[in-house]
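Novice: What would the 3D arrangement of this be:
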Amino acid sequence: MNTFHNQLIAHYKFEDAADIGKDSSGNGHVGGAAGEKIPDISEVNGRWAVTFTGGSNGTSYMELPSNLLQNVSDNTGVTVAAWVHLGKGSNVWERIFDFGKGEQGPYLFLTRQMRGTLYAGDDLVVDPGRGFASGEWMHVALSVAGSQGGTRSSAG
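Specialist: Take a look at the predicted model:
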């Protein structure tokens with residue numbers, strides 16, 4: 001029987017400043033703080049969070065294990081969800097998450113403007129066409145349902 005808990009790949013709560021990339025799912029997908037300016041954990045508007053610095057302040061990101069999505073396929077699909085608190089941005093292409101192998105793909109990312117892109121030979125794009133308020137917590141999720149070889153999709 002498939003349940004939420006046995007389908008969970010990783011869960012990063014960002015509550016432990018000494019272990020910033022701790023995976024609370026029990027699957028051992030520990031992440032590492034990386035970039036020109038290392039992200040840190042602090043309280044932001046009443047919640048524990050990891051803070052990333054981008055733009056002119058340099059890159060800041062979490063590097064996740066290369067095998068994190070090894071069992072994700074066209075048969076499984078995937079959902080990535082996060083609570084975000086967006087401050088002022090300097091680039092519309094700043095990412096909330098970015099899974100991929102560079103420009104040649106495959107990749108899946110979501111920008112701070114909520115533009116989601118999946119590329120695996122061709123682009124599938126979702127774009128709400130509007131901005132979102134900064135300075136408050138917002139839950140975001142991007143789901144890609146597996147088409148199971150085109151049998152569950154009119155797109156083929």
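Novice: Just give me the neighbour total for Tyr119.
Specialist: 17 (other CB atoms under 10 Å). Using the backbone N, CA and C atoms, a C-beta is placed for each residue, glycine as well.
Novice: mind checking pLDDT for it?
Specialist: At Tyr119, the predicted lDDT confidence score is 87.
Novice: same thing with Ala155?
Specialist: Confidence score, pLDDT, at Ala155: 53.
Novice: quick one, strands of this protein?
Specialist: Using DSSP state E, the strands found in the chain span residues 32-34, 40-44, 47-51, 61-63, 78-85, 95-100, 107-111, 116-119, 123-126, 137-144.
Novice: Can you check which of these gets nearest to His11?
Specialist: Distance to His11, taken as CB to CB, is lowest for strand 78-85 among the strands of the chain, at 9.8 Å.
Novice: Would you give the sheet partners of that closest one, along with the direction of each?
Specialist: strand 137-144 (antiparallel) (DSSP bridges).
Novice: Report the inter-axis angle for the partner strand versus strand 47-51.
Specialist: 60 degrees (axes from the mean of the first three to the mean of the last three CA atoms, to 10 degrees).
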